[in-house]
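Undergrad: next comes the sequence, and after it the predicted model I'd like to discuss.
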Amino acid sequence: QVQLVESGGGLVQAGGSLRLSCAASGTIFSINTMGWYRQAPDRQAPGTQRELVASITSGGITNYADSVKGRFTISGDNAKNTVYLQMNSLKPEDTAVYYCKHASATGRVFYWGKGTLVTVSS
């Protein structure tokens, strides 16, 4: 089992910045992908797909959604088993619950955090 704890969410004005953290503990996959996903607050119904925001592999390869490229940066600290999401130039449409995901190399086994709410006011 892997436990993921997100932090850093909150209320920020448009144009502002936030940094999210996700700390992983437990039986962590040595080769893995950590990702940040988001889901609008009014779309929390079970089965609603979460949008990939950014991901990083244990080898350091990153991937971003087009909507956040140039504004968000994902990074990881393998020694602390923690992944970060630096969010700059935030827009109201970035408002969502942000979830951390830890996946095995194949992606077949994965775990989710409970999420942290980011609200961007206009």
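TA: Nice, I can see it.

Undergrad: distance of the residue most central in space within the chain relative to Gly59?
TA: Geometric centre of the chain, nearest residue: Trp36, 2.0 Å, by CA atoms, centre = their mean. In this view, Trp36 and Gly59 are 18 Å apart by CB to CB, to the nearest Å. In short, each C-beta sits where N, CA and C put it, glycine included.

Undergrad: and for Lys69?
TA: Distance from Lys69 to Gly59, by CB to CB: 20 Å.

Undergrad: so, low pLDDT: which residues of the chain?
TA: 47 (pLDDT under 70).

Undergrad: quick one: the strands in it?
TA: Assigned by DSSP state E, the strands in the chain fall at 2-7, 10-13, 18-26, 32-39, 51-57, 62-64, 72-77, 82-87, 96-104, 110-112, 116-121.

Undergrad: any chance of those in CSV with distance to Ala45 as columns?
TA: Formatted as CSV, the strands of the chain follow (distance: least, CB to CB, whole Å):
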stretch, distance to Ala45
strand 2-7, 20
strand 10-13, 24
strand 18-26, 23
strand 32-39, 10
strand 51-57, 15
strand 62-64, 26
strand 72-77, 26
strand 82-87, 24
strand 96-104, 12
strand 110-112, 16
strand 116-121, 16
